[in-house]
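Colleague: Below are the sequence and a predicted model; questions follow.
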Amino acid sequence: TFDSNLPLASGMSSSSALVVATALAVVDHDDLRAHPAWRANVQDDLDLAGYLATIENGLTFKDLPGVRGVGTFGGSEDHTAMLCCHPGQLTEFTFCPIVEGDSVDLPEDLSFVVAVSGVLAEKTGDALEHYNSLSLNARELAGLWNDATGSEHATVADALASDEDALEGLRAVAAHDERLTKRLN
């Protein structure tokens, strides 16, 4: 039995926390790290974060096929923070694929306060479809950019970082589709 007193749809990453905690218990209990498929696909905690995100959203991770998920597309950020951050430090990550960047010490006289705003962060039903469409639109934009330029950028952010004129190029690529233009903006 799992129980929580977190408000529903509070945006506190409780579903990701449940996935991470449950997965770690199963991985350790069943010695999954020794399984050939695990060793071939999950090399470190960055891979583990990416894999657990796909368990939640149902997408495929490397050679591990996805099955019907319940979560949102995207979203490995929560799993990465839980598994890969360092005590007393702020760490930068980029995603698609997950790459750890620089870390800086968090001054001891500063702290983070996490509070529930009361605004629902609904990600089920119709909200899930809308949320996932945003991720799919971004992937489509990256694909169109790659087709137009011969690039192989995984994300729109990668495309934007690749060239100072990339924003104008992406606007041209998306101009035929109001939905993609809106997502880019």
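Modeller: Looks like it came in fine. Model, not experiment: these values are computed from the prediction.

Colleague: got the buried residues for the one helix or strand L18 maps to?
Modeller: Secondary structure assignment for L18, by DSSP states H and E: helix 14-29. By 16 or more other C-beta atoms under 10 Å, the buried positions in helix 14-29 come out as 14, 16, 19-20, 23, 27. Every residue, glycine included, has its C-beta placed from N, CA and C.

Colleague: and which of those is nearest to N137?
Modeller: Distance to N137, by C-beta to C-beta, is smallest for S16 among these, at 22.4 Å.

Colleague: what's the pLDDT at that closest one?
Modeller: Confidence at S16, expressed as pLDDT, is 85.

Colleague: helix/strand/coil for the residue nearest to it when sequence neighbours are not counted?
Modeller: Nearest residue to S16, sequence neighbours excluded (C-beta to C-beta, 6 or more residues apart in numbering): D78, at 3.8 Å. Three-state call for D78 (DSSP: H, G, I helix; E, B strand; the rest coil): helix.

Colleague: after the helix holding L18 comes which helix or strand?
Modeller: Downstream of helix 14-29, the first helix or strand assigned by DSSP H and E is helix 36-41.

Colleague: List the contacts of that next one.
Modeller: 27, 32-33, 47, 51, 61-64 (C-beta atoms under 8 Å, 6 or more residues apart in numbering).

Colleague: between those, which is nearest F2?
Modeller: Distances from F2 to those, taken by C-beta to C-beta, are shortest for V27, at 17.5 Å.

Colleague: quick one, what contacts that closest one?
Modeller: V27 makes contact with 33, 38, according to C-beta under 8 Å, 6+ apart.
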